[in-house]
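Visitor: Return atomic coordinates for the entry below.
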Amino acid sequence: MANKALATRQKMQFRVEPSPKPRNPVATAALQRAAGAHVKTVSGQRQQEKRLLAKLLLKVETDK
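Guide: Numbering: from 1, shown residues only. Below you'll find the model as predicted:
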């Protein structure tokens, strides 16, 4: 009965992951072509100008 301990061990299993779905090469090429520099939105520009104005006002107040 020497093999009793070996029989209760968990058996080794190999899992094979399925390969990912093939991608559409035409779609990736179109997405890469569409990328590029974009213009900030009006609200984004307004918020940036507001931050710059606050920074300038803070600088003017500290210079006095």
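Visitor: going forward, measure contacts and count neighbours with C-alpha atoms only.
Guide: Will do.
Visitor: what residue ranges in this protein score low on pLDDT?
Guide: The chain contains residues with pLDDT under 70 at 1-9, 34-36.
Visitor: remind me, longest helix of it?
Guide: Counting residues, the longest helix found in the chain (DSSP state H) is helix 42-63.
Visitor: Going by neighbour count, list what's buried in stretch 24-35.
Guide: Buried residues in stretch 24-35, counting neighbours by 16 or more other CA atoms under 10 Å, are absent.
Visitor: That stretch: how far from the chain's middle?
Guide: 18 Å (CA atoms, centre = their mean, to the nearest Å).
Visitor: For it, C-alpha coordinates in PDB please.
Guide: What follows is stretch 24-35 as a C-alpha-only set of coordinates in PDB (Å, rounded to 0.1, in the frame of the first residue of the first chain):
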ATOM      1  CA  ASN A  24     -10.000  42.900 -38.900                       C
ATOM      2  CA  PRO A  25      -6.800  44.500 -40.600                       C
ATOM      3  CA  VAL A  26      -9.000  47.000 -42.500                       C
ATOM      4  CA  ALA A  27     -10.500  48.400 -39.400                       C
ATOM      5  CA  THR A  28      -7.200  48.800 -37.600                       C
ATOM      6  CA  ALA A  29      -5.800  50.700 -40.600                       C
ATOM      7  CA  ALA A  30      -8.800  53.000 -40.600                       C
ATOM      8  CA  LEU A  31      -8.500  53.700 -36.900                       C
ATOM      9  CA  GLN A  32      -4.800  54.500 -37.300                       C
ATOM     10  CA  ARG A  33      -5.400  56.900 -40.100                       C
ATOM     11  CA  ALA A  34      -8.100  58.700 -38.200                       C
ATOM     12  CA  ALA A  35      -5.800  59.400 -35.200                       C
END
